[in-house]
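Visitor: structure for this input, please:
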Amino acid sequence: MKEINLTTKITVYSYEECTEIEKKLIDAAKLATSNAYAPYSHFHVGAALLLENGKIITGNNQENAAYPSGLCAERTAVFYANAQYPDQKIEALAVAAFYNGEFTNDLISPCGSCRQVLLEVESRYNSSVKILLYNKKDEVYVAESMSSLMPLSFTKTALV
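Guide: Residues are numbered from 1 along each chain as shown. Sure thing, here's the model as predicted:
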């Protein structure tokens, strides 16, 4: 038998310790929660992407009465960025969530489908995407890449 230990490094900052561009990205994600369409869960998620050209693209969750037909904030932002700026790599992603009149106490991390899409982004541009996860305690959890949050992931190398 063989044992493999996988570790993930997460750095926790206060909002004030973030760089100015990280604060701008987090603020954009927080603001994006206000445009979420979440009439069923009332759980508003906002995402903001930083492109290599400096543009910030936002997205938010879009629910549907047929639940599988909705879309998460992260994928909404990524798909828009890829459609409008296909040659611009995504450098960072910030995520925030709003529920019952305030931002969530705990960080909100991308779901498995969003993680898979972000892995593809890292593969497509051969570049890491920094992940920033915000909570109302003004904590920001930072991972240097999506691949660090999803070890043993399914990638294009499995298709050969």
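Visitor: and the strands in the protein?
Guide: Applying DSSP state E to the chain gives strands spanning 11-14, 43-51, 56-60, 90-99, 102-103, 130-134, 139-143.
Visitor: nearest to Ile21, of those strands?
Guide: strand 43-51 (6.7 Å; CB to CB). Glycine gets a C-beta too; all of them are placed from N, C-alpha and C.
Visitor: name the helices or strands packed onto that closest one?
Guide: Strand 43-51 makes packing contacts with helix 20-32, strand 56-60, helix 73-84, strand 90-99 when contacts are defined by 3 or more CB pairs under 8 Å, 6 or more residues apart in numbering; DSSP states H and E.
Visitor: pull the CA atoms of that strand into CSV?
Guide: C-alpha atoms of strand 43-51 as CSV (Å, rounded to 0.1, in the frame of the first residue of the first chain):
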residue,chain,number,x,y,z
PHE,A,43,-28.3,33.5,-1.9
HIS,A,44,-26.6,36.2,-4.0
VAL,A,45,-23.1,35.4,-5.2
GLY,A,46,-20.9,37.8,-7.0
ALA,A,47,-17.6,37.1,-8.8
ALA,A,48,-15.1,39.5,-10.3
LEU,A,49,-12.3,38.5,-12.6
LEU,A,50,-9.1,40.5,-13.3
LEU,A,51,-7.9,40.2,-16.9
